[in-house]
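Novice: This is a predicted model, with the sequence first.
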Amino acid sequence: MQLVAALERQIFDFLGYQWAPILANFLHIMAVILGIFGTVQYRSRYLILYAAWLVLWVGWNAFIICFYLEVGQLSQDRDFIMTFNTSLHRSWWMENGPGCLVTPVLNSRLALEDHHVISVTGCLLDYPYIEALSSALQIFLALFGFVFACYVSKVFLEEEDSFDFIGGFDSYGYQAPQKTSHLQLQPLYTSG
């Protein structure tokens, strides 16, 4: 589910030219694939790396929520963090949210050379809330994934510690094999 949610978010961030989230989503998709590989191949180190990434992912999504809800000094109108200050693009959901009606504002003094000013009205849910809900879903899935990764890596590490070598260690300690054969070895003489 986490991979599907990350791919969905990646698509909408690409549509909105949101470069910082695109980069973060790409790293998250790679970490999720690494976590899946670690689970299938019984590699606890990959799961531990995945769990460490999820801590960073929760922090990133908390920042996204704060950014879109303009908590503290963050402002969408002033800060172009999501596009690395390379463009004035916004979230794709701004113009394409559920029920939104977009009307261009003609002859606006606010428009730059190659940009247009629009008016968005009638949205059932404004885009900052859609972005915040998307990040909240990512946090929920990351917390579930973190608990899963910690539990499974613990199980894998316990299995590695309790491995019983063939003919080797048992619960009573190591005992060297004893000769119980009653065969006597006779020299072999060859004629010739």
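Specialist: Right, received. Where do you want to start? Numbering: from 1, shown residues only.

Novice: name the helices or strands packed onto the longest helix belonging to the chain?
Specialist: If you go by DSSP state H, the chain has its longest helix at helix 127-161. In terms of contacts (3 or more C-beta pairs under 8 Å, 6 or more residues apart in numbering; DSSP states H and E), helix 127-161 is packed against helix 2-15, helix 19-40, helix 44-68, helix 93-96. For glycine as for every other residue, the C-beta is placed from the backbone atoms N, C-alpha and C.

Novice: Which one of those helices lies nearest to Tyr129?
Specialist: helix 44-68 (7.9 Å; C-beta to C-beta).

Novice: any residues touching the closest one, and which ones?
Specialist: With contacts defined as C-beta atoms under 8 Å, 6 or more residues apart in numbering, helix 44-68 is touched by 21, 24, 27-28, 31-32, 34-35, 37-39, 71-72, 74, 76, 79, 81-82, 91, 127-129, 131-132, 135-136, 138-139, 142-143, 145-146, 149-150, 152-153, 156-157, 160.

Novice: Give the rounded mean pLDDT of that helix.
Specialist: Here helix 44-68 scores 94 as its mean pLDDT.

Novice: and the angle from that helix to helix 2-15?
Specialist: 40 degrees (axes from the mean of the first three to the mean of the last three C-alpha atoms, to 10 degrees).
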